[in-house]
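> give me a 3D structure for the following:
(2 chains, ligands or ions: 3)
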Amino acid sequence: MTSKQGHPGRASVSVAITGSGGAGVMTAGNMLLEAAAKAGWYGLMVRSSGPQIRGGEAAALLRLATHPVDSLDDVCDVLVAVDWQNIHRFADEIPLGAASVIVGDPDQGDPPEVYLASGARYGKLAMKATAKSIPGSWPNMVALGVAAGLVGVPLEAVKGVVASSLKKSDALAASITAVEAGMKAAAEFGDGTRLAPPPAKHDGHWLLTGNQAAGFGAIRAGVRFVAAYPITPATELLEYMAPALTQVGGVLVQAEDELASINMIIGASYGGVPALTATAGPGLSLMVEALGLAVAAEVPIVVVDVMRGGPSTGIPAKSEQSDLSLALHGLHGDAPRIVLAPNSIADCVTTTQWAVHLAEQMQVPAIVLSDQFFGQARAVVERPADAPYAAKRATVGANAQGYKRYALTDTGISPMSIPGTPGVTYTADGLEHNERGIPSSGATDHRKQLAKRERKLAQGDYARHWADLEGEGEIAVITFGSSTGPVREALARAKGDGVSARLVSLRLLAPAQPERLAAALAGVKRVLVVEQNHGGQLARYLRSDFEIPGEVRSFRQPGPLPIRPAALHREIVEWSRA
Amino acid sequence: MSAVPAPAADAPKSAHTAADYKSDYKPIWCPGCGDYSVLSSFTKAFAILDLAPERIAVVSGIGCSSRIPAYTSCYGFHGVHGRSLAAATGLKLARPDLTVVVASGDGDGYSIGGNHFLHACRRNADLTYVVMDNHVYGMTKGQPSPTTEPDWDSKLSPGGTGLRSFNPLVIALAAGANFVARAFAGDPNGTAEIIAEAIRTPGFSFVEVMSPCVTFRPEQREWKHHVRPSPVPATDDAAKAARRLMTDDGFNIGVLYKGDRPPYQPPMGKGRKTPADLERGFAI
Ligand SMILES: Cc1ncc(C[n+]2csc(CCOP(=O)(O)OP(=O)(O)O)c2C)c(N)n1
Ligand code: SF4
Ligand SMILES: [Mg+2]
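Ligands and ions are numbered 1, 2, ... in the order given. Below you'll find the model as predicted:
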């Protein structure tokens, strides 16, 4: 797949396809991603659009690569604009460089100054007129062709994808002619943006969003009941799960609000059915009281928080890691809970699966902190390895003598009685209670039940997945969730500069694992804490609940813009030389 | 379909007695509280229906009335204030084989839980919802609730709220409840019959029980002199039932409305695919 001129090709190329509402840029973007996936590359696509509910300017932001990618790159190499109406609004999200290529339709006017100022080359292609000359075709198919040509995605792969989505034969033929016209034009814009060949072996890749991944992981672990209230950017997780659950014998209920959805899943789980809800920050805020009920009554549940910009309604369709403090601390009383964060799109499967497993095993609520970037990005990933995590709850059999629902066991885990089982009825209670579950406000019962609930989490087996540890050196970067991708990339570049550093990507955020972290940081002199929020929520937590060796710096950047590798790379290299 | 069929005319006598449904945990209620009678009506209703205690779940929120679950020998769930219907809905949809009865109060059910009340009526899951209405927040020691009279004086609302009380039965009809009844705690046998019929009727059954709070509303002891059996039989016409309820004096006791709307029960446990089947959807 090397180009005719013999250019070796690049390991990663970023492409933006933009246009006003109805221009079909998302369709073109998705087709490009799918064609690249079919040809064996990795990649991801995120969608950005104006504030309008429907229609309005839109941008498909793609990154295609020879290796798995979990973040956007620093610079966008190719910008294909079907038209320029309001497209200047995406300037922050589409950073161009001097080596970038802009392809625009001259009949739609000139590119906005903010793009030309980058020094990027501007190539003209009359997409609208070209499409008009091919009856039944559309300008977005010309855009698809030119983008595919610039990246080097072969025509055959694009044709396959177009054919599978357009059933009507005349529209299909016209679309393919339009793609070919775009590809032909691309040849004139040089070959500096072409990808290196894909890996030779690429069986078993998956194409999915983080929201689908989390939903699938939950089902794989055994979740069969979901109740939820729609909210951006978690809705697609629910829309994935609704039909999927029906197929596997489960149910999704649309609740009247988040207070209902979390109490519904607590009810279902009390009934013995592994249960989950998904929401975003505003919904998690409403769920806090019932999370405490799940802690006190020891009912396992999983809440996936697909984080978005906050506080309040905030920035609904943009990513931010700013619900960490709420997830860690947002319950009244001493209320131990599990907080997990997947650190890649593929990991949304495994981490959610693990969350279900831990919640069920320890009869606690588990909060999974995904985010808008993971949730709504569509990516080509390696099939996640089968993890041995399933919902497995300790239960009691019929007529067990002297059964005590909240018995003070060594592990803190006491077998649960599932309604329907004779001879072991009990009342699940959010009131403090004794071992039998009878309400008690006595000091001894309170102390013992508090300690029991804490003990359950302390004895958990987190060794394998509590964090991803990579690299070595006297500098360490501690991060979590979707900040992991840019950190990993920055560290790889720093290594190229002769700076080696460790990566600690925390998957288990609560209960805190200070001993494990101390071991991972042994010998470290400098620690950079990276997170996507304004207040430094992770940095504060590390300071309060962990011992961090050496000098600590906090690198924090709120949404809506992604943390890009270049800024981190600079920070790490400069600090290492300071 | 309800999990509990109506008994045949020649059905044998129940193998259970009310005592089989009582736990050994002593209620914390004030002496004379109406909720004692409602508890006995629950256990009598279960005996009438001859249900095994482990097949029943009694779900509640927070309030004096909401303490009922642990006083039964059934499976109990004492959740947070106002959310009993949500927890019960989740339980019933996940476990359609269980009989789920919900206990609530006028504060728990109509104020903090008001939204769930509307949507439970509308959703029409096969639940029986028993609200012990004493026109007061008993547990928090005497504040006005949505059903309290506008001029009822209290520390929190001196001189009364000035707000008209709302009519939960009419609201239930408007929102789509399939069975609507008014009962009186002073008649535990009659209340037991109504609760049994509510459980037997598929869909969302709402039973508002006038249950005196002798501590904060001692004048409610007089209710026994005012209540009377409803002079007309239950109707299947919701508009007619609503009109009757809006014009009566609030003391007609009995089943007021009985519809035939099929209950909401998504097909739990029906799908036969496996996660491995789902996984194919992600393959490129
Ligand atoms: C979120 C929350 N807010 C307030 C309370 C305090 N509270 C407990 S019971 C109650 C009112 C109960 O009134 P009602 O439902 O009528 O029950 P009753 O005690 O009269 O039977 C209130 C306000 C609470 N437990 N939780
Ligand atoms: S305060 Fe009222 S409602 Fe509560 S137990 Fe006493 S009498 Fe019953
Ligand atoms: Mg009350």
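> what ranges of the stretch 1-150 of chain B fall below the confidence cut-off?
Across the stretch 1-150 of chain B, the stretches falling below the confidence threshold (pLDDT under 70) are B:1-12.
> surely A:Ala227 is within a strand?
Yes - for A:Ala227, which was evaluated using DSSP: H, G, I helix; E, B strand; the rest coil, the result is membership in a strand.
> quick one, helices of chain B?
Assignment of helices within chain B using DSSP state H yields the ranges B:35-49, B:84-94, B:106-107, B:114-123, B:168-175, B:188-200, B:223-226, B:238-247, B:275-279.
> hey, which of the ones you listed is tucked in deepest?
Comparing the helices of chain B by mean neighbour count (mean count of other CB atoms under 10 Å in any protein chain shown), helix B:84-94 comes out on top with a mean of 31. Where you see a C-beta, it was placed from the backbone N, CA and C, and this is true even at glycine.
> so what secondary structure elements neighbour that helix?
Using 3 or more CB pairs under 8 Å, 6 or more residues apart in numbering or on different chains; DSSP states H and E, the elements in contact with helix B:84-94 are strand A:225-228, strand A:251-254, helix A:258-270, strand B:56-60, strand B:75-78, strand B:99-105, helix B:114-123.
> and the closest residue to A:Glu432 other than its chain neighbours, how far from A:Arg453?
By the measure of CB to CB, 6 or more residues apart in numbering or on different chains, the closest residue to A:Glu432 outside its immediate chain neighbours is A:His446, 5.1 Å from it. To A:Arg453, A:His446 is 11 Å away according to CB to CB, to the nearest Å.
> so for the two, which sits in the more crowded spot?
Higher neighbour count among A:His446 and A:Arg453: A:Arg453, with 21 against 15, using other CB atoms under 10 Å in any protein chain shown.
> host element of the more buried one?
When elements are defined using DSSP states H and E, A:Arg453 is found to belong to helix A:443-458.
> now do the buried residues in that helix.
Across helix A:443-458, burial judged by 16 or more other CB atoms under 10 Å in any protein chain shown covers A:445, A:448-450, A:452-453, A:455-457.
> could you dump those residues to a markdown table with distance to ligand 3 and pLDDT?
Written out in a markdown table, the entries for the buried residues of helix A:443-458 read as follows (distance: CB to the ion, whole Å; pLDDT from 0 to 100):
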| residue | distance to ligand 3 | pLDDT |
| --- | --- | --- |
| A:Asp445 | 28 | 98 |
| A:Lys448 | 33 | 98 |
| A:Gln449 | 29 | 98 |
| A:Leu450 | 31 | 98 |
| A:Lys452 | 33 | 98 |
| A:Arg453 | 31 | 98 |
| A:Arg455 | 38 | 98 |
| A:Lys456 | 36 | 98 |
| A:Leu457 | 37 | 98 |
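> count the residues that sit near the closest residue to ligand 2 within the stretch 51-200 of chain A.
With CB to the nearest ligand atom, the shortest gap between the stretch 51-200 of chain A and ligand 2 falls at A:Ile53, namely 48.3 Å. Using other CB under 10 Å as the criterion, A:Ile53 is surrounded by 7 other residues.
> quick one: secondary structure of it?
coil.
> try A:Val161
Applying three-state DSSP to A:Val161 yields a three-state assignment of helix.
> neighbours of it, how many?
That count, for A:Val161 with other CB under 10 Å as the rule, works out to 23.
> same check on A:Gly536?
Here the number of neighbours of A:Gly536 (other CB under 10 Å) works out to 16.
> try A:Gly190
Other residues within reach of A:Gly190, judged by other CB under 10 Å, total 16.
> now swap in A:Gly104 and tell me
Under the neighbour criterion other CB under 10 Å, A:Gly104 is assigned a count of 25.
> who touches it in this structure?
With contact set as CB atoms under 8 Å, 6 or more residues apart in numbering or on different chains, A:Gly104 has these partners: A:80-81, A:84, A:110-111, A:122-125.
> please repeat the previous calculation with a cut-off of 6 Å.
Residues touching A:Gly104, when contacts are defined by CB atoms under 6 Å, 6 or more residues apart in numbering or on different chains, comprise A:81, A:111.
> what's the pLDDT at it?
pLDDT for A:Gly104: 98.
> next one: phi and psi at it?
phi -130, psi 160 (degrees, to the nearest 10).
> who's it bridged to?
When bridges are taken as DSSP bridges, the partners of A:Gly104 come out as A:Ala81, A:Lys124.
> any idea how far B:Tyr137 is from it?
Separation of A:Gly104 from B:Tyr137 (CB to CB) stands at 67 Å.
> show me what contacts A:Phe90?
Applying CB under 6 Å, 6+ apart to A:Phe90 gives the contacts A:Ala59.
> next, it: phi, psi?
The main-chain torsion angles of A:Phe90 are listed as degrees, to the nearest 10 and equal phi -90, psi 10.
> just to revisit the earlier point, mind putting the helices and strands packed on helix B:84-94 in JSON lines, distance to B:Gly250 included?
Conversion of these to JSON lines gives the following (distance: least, CB to CB, whole Å):
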{"stretch": "strand A:225-228", "distance to B:Gly250": "35"}
{"stretch": "strand A:251-254", "distance to B:Gly250": "34"}
{"stretch": "helix A:258-270", "distance to B:Gly250": "29"}
{"stretch": "strand B:56-60", "distance to B:Gly250": "24"}
{"stretch": "strand B:75-78", "distance to B:Gly250": "29"}
{"stretch": "strand B:99-105", "distance to B:Gly250": "17"}
{"stretch": "helix B:114-123", "distance to B:Gly250": "18"}
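> quick one: which of these is nearest ligand 2?
Among the helices and strands packed on helix B:84-94, strand B:99-105 comes nearest to ligand 2, with 7.7 Å by CB to the nearest ligand atom.
> hang on, the earlier thing: so for A:Ala290, which of the helices of chain B sits nearest?
helix B:84-94 (8.6 Å; CB to CB).
> just the C-alphas of the closest one, formatted as CSV.
As requested, the backbone C-alpha atoms of helix B:84-94 are provided in CSV (Å, rounded to 0.1, in the frame of the first residue of the first chain):
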residue,chain,number,x,y,z
SER,B,84,-40.9,2.4,47.1
LEU,B,85,-42.8,2.2,43.9
ALA,B,86,-39.6,2.4,41.9
ALA,B,87,-37.9,-0.3,43.8
ALA,B,88,-41.1,-2.4,43.6
THR,B,89,-41.3,-1.9,39.9
GLY,B,90,-37.8,-3.1,39.4
LEU,B,91,-38.4,-6.1,41.5
LYS,B,92,-41.7,-7.0,39.8
LEU,B,93,-40.3,-6.6,36.2
ALA,B,94,-37.2,-8.6,37.1
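> having no further points to raise, I will conclude here.
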